[in-house]
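**Student:** Okay, sequence plus prediction incoming.
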Amino acid sequence: MKYLFVLDTETCIGCGACAVACMDQNDIDLGNGDKPYRQCFAVEQNASPSTRITYLSMACMHCAQAPCIEGCPVGCLWKDEETGFTLYDNTNCIGCHSCAMACPFSAPCFNDNGKMTKCTGCVERVERGMLPACVKVCPYGALQLVPEEEYSGASRAKKARLLTFAALNK
């Protein structure tokens, strides 16, 4: 079953619990210069007369047509047939940063040995019937992992308030 990460921008409060859970799940140490896979941003809208802040929880978009896959000259990245996630094996990574240059969302990161790493959608957890760490800890349920067909069947009104990461790049 293919999945989509969906963010309800009306519900997200920008608490950052998703980013912290991701760092914990992936042993990311900001003190060592690691770049987090998931980050939260505040976006100001309608600057005048009334200002509204919308929060975005952003990570790898697991694009339907992932440009990072095309950009990698040694084939480290691929689409998982079961989940639809963009996965990697950096064994052959040459640290050229081509995947990062191809990604419009700056998702690929590079560890201290120069090899690419990125969000895998917690594929190991999902394959065992668990939620990704970021989704599990969201206190208001703003970040969700939904089957692709469930999102496709959602009402137009519901889709209007949801940011669907995979839909951004179809």
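**Tutor:** Structure's in. What do you need? Residues are numbered from 1 along each chain as shown.
**Student:** drop to CA atoms for contacts and neighbour counts, all remaining ones
**Tutor:** Will do.
**Student:** Just confirm residue 106 contacts residue 100, I think it does.
**Tutor:** Yes. At 5.9 Å, residue 106 counts as touching residue 100 under the criterion of Cα atoms under 8 Å.
**Student:** Check which residues of stretch 75-88 are buried.
**Tutor:** 76-79, 83-88 (16 or more other Cα atoms under 10 Å).
**Student:** should've said stretch 137-156
**Tutor:** Buried residues in stretch 137-156, counting neighbours by 16+ other Cα under 10 Å, are found at 137-138, 142-145, 148, 151.
**Student:** Tell me where the longest helix sits in this structure.
**Tutor:** Counting residues, the longest helix found in the chain (DSSP state H) is helix 17-25.
**Student:** of the buried residues of stretch 75-88, closest to residue 127?
**Tutor:** residue 83 (8.3 Å; Cα to Cα).
**Student:** residue contacts, that closest one?
**Tutor:** Neighbouring residues of residue 83 by Cα atoms under 8 Å, 6 or more residues apart in numbering: 1-3, 123.
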